[in-house]
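Engineer: all I have is the shape, not the residue letters:
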């Protein structure tokens, strides 16, 4: 008889990565069938009602699995589906959640479960932060990008036409359930988008992890479970350490935005949803590496290394030239990291010849413009 855990119906214990934030501390649970394991839900807040926030695509794929675990724990399990796409990360979608909660007379103990990618997690988390001045919520990320980044750390937001994630709140989930099995249904483009955030953690914090990603990129693209498990775990460990030290981004946490200042400008210029967030971040990392080299922080070989690994992940490495330098700069000035109109970039600084350390600083206008021109096509 096979001893495979799937064949026997057993579920291997999840890997726990703790986020240490005092009374707001919680665990990220990582495993191949976390969603189906009753132990994953132990210790969550008790309530009469659970509300699953998702979108029609994800709900059809994984909604029944989550519902099966929740229906024995809550008297009511309600579902609300938002439109699918970054362009719907807005006031209208946020109000759909509020309407649902109010119509069904949900109280302040109601637990929200955000089942989906970064858009669902951000909007549902923001709704949880606002409804009755705060109700508990649980992140159930179904994309690689959400599992390694957006579901962890308590950033919740919606977009504004003038800037990405400009309206939101810091509000921590009670738990993150990162089920690797849901990645089997992820479109290839979404998988690549998630790899952008995985790649990010190497240059900013762990040179050895960047080496590992380069060596295992083909396995990650092939959805090798062991490779994905390590990538998600190490990414979450790095983010957990950063968030634990700087929950509200007063300093250190800004390093997690490597590639994002350029990337957010690309998303805003093209219209949200034209490029996936991870695609914009992948290109943005190449641009940030180029700017780092122009300022003498890293050798030019690092720029080529970043361009190569981002391209191998099947991500764009050049921004659309149609955006134009002036529009690019204008959009970066309204980024959350700008201060008094001065753009502050997350750049990489070589440490003893090794990358793995990020710094946040302004850059001369001429260097920024040169980077945009050189990295656009």
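Structural biologist: Received, thanks. Computed from a predicted structure; not experimentally measured. Residues are numbered from 1 along each chain as shown.

Engineer: residue contacts, the residue nearest the centre of the chain?
Structural biologist: Residue closest to the average C-alpha location in the chain (C-alpha atoms, centre = their mean): residue 150, at 2.6 Å. When contacts are counted by C-beta atoms under 8 Å, 6 or more residues apart in numbering, residue 150 is found next to 117-118, 121-122, 141. To be clear about C-beta, it is placed using only N, CA and C from the backbone, and glycine gets the same treatment.

Engineer: looking at the residues you listed, which are in strands?
Structural biologist: Assigned to strands by DSSP state E, the following of those qualify: residue 141.

Engineer: would you format the contacts of residue 150 as a markdown table with distance to residue 108 and neighbour count included?
Structural biologist: Conversion of the contacts of residue 150 to a markdown table gives the following (distance: C-beta to C-beta, whole Å; neighbours: other C-beta atoms under 10 Å):
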| residue | distance to residue 108 | neighbour count |
| --- | --- | --- |
| 117 | 27 | 29 |
| 118 | 26 | 26 |
| 121 | 21 | 29 |
| 122 | 21 | 25 |
| 141 | 25 | 29 |
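
Engineer: which pair of the contacts of residue 150 spans the longest distance?
Structural biologist: Of all pairs drawn from the contacts of residue 150, the one with the longest distance (C-beta to C-beta) is 122 and 141, at 11.0 Å.

Engineer: which parts of the chain are strands?
Structural biologist: Counting by DSSP E, the chain has these strands, from start to end: 15-19, 26-31, 49-54, 76-81, 111-116, 137-141, 155-160, 163-170, 176-179, 345-348, 358-361.

Engineer: quick one: distance of the fourth one to the chain centre.
Structural biologist: The chain centroid and the centroid of strand 76-81 are separated by 24 Å, computed with C-alpha atoms, centre = their mean, to the nearest Å.

Engineer: buried set for that strand?
Structural biologist: Judged by neighbour count (16 or more other C-beta atoms under 10 Å), strand 76-81 contains these buried residues: 77-81.

Engineer: looking at the contacts of residue 150, which is nearest residue 106?
Structural biologist: Distances from residue 106 to the contacts of residue 150, taken as C-beta to C-beta, are shortest for residue 121 (19.1 Å).

Engineer: mind checking how far the closest one is from residue 345?
Structural biologist: When C-beta to C-beta, to the nearest Å is the yardstick, residue 121 and residue 345 sit 26 Å from each other.

Engineer: and for residue 235?
Structural biologist: For residue 235, the distance to residue 345 under the criterion C-beta to C-beta works out to 22 Å.

Engineer: and residue 273, by the same measure?
Structural biologist: When distance is defined by C-beta to C-beta, residue 273 is 25 Å away from residue 345.

Engineer: of those two, who's got more company?
Structural biologist: residue 345 (29 against 16; other C-beta atoms under 10 Å).

Engineer: is it true that the more buried one touches residue 289?
Structural biologist: No. The pair formed by residue 345 and residue 289 falls short of the contact definition of C-beta atoms under 8 Å, at 11.0 Å.

Engineer: joint contacts of the two?
Structural biologist: Residues touching both residue 345 and residue 289 (C-beta under 8 Å, 6+ apart): none.

Engineer: so what's the residue nearest to residue 290 when sequence neighbours are not counted up against?
Structural biologist: With C-beta to C-beta, 6 or more residues apart in numbering as the criterion, residue 290 has its nearest non-adjacent residue at 4.8 Å, and that residue is residue 371. For residue 371, the set of contacting residues under the criterion of C-beta under 8 Å, 6+ apart consists of 287, 290-291, 294.

Engineer: so where's this protein uncertain?
Structural biologist: When the per-residue scores of the chain are filtered using pLDDT under 70, the ranges that remain are 1-9, 336-338.

Engineer: give me the domain ranges for it.
Structural biologist: Using automatic domain parsing, the domain ranges for the chain come out as 5-185, 188-374.

Engineer: who's in contact with the residue nearest to residue 37 when sequence neighbours are not counted?
Structural biologist: Leaving aside its sequence neighbours, residue 37 sits nearest to residue 11 (C-beta to C-beta, 6+ apart; 4.6 Å). Residue 11 sits next to 5, 31-33, 36-37 when contact means C-beta under 8 Å, 6+ apart.

Engineer: can you show me the helices along the chain?
Structural biologist: With helices called from DSSP state H, the chain shows them at 5-8, 56-70, 91-103, 118-130, 144-145, 188-205, 207-221, 225-245, 260-270, 277-294, 300-312, 325-332, 365-374.
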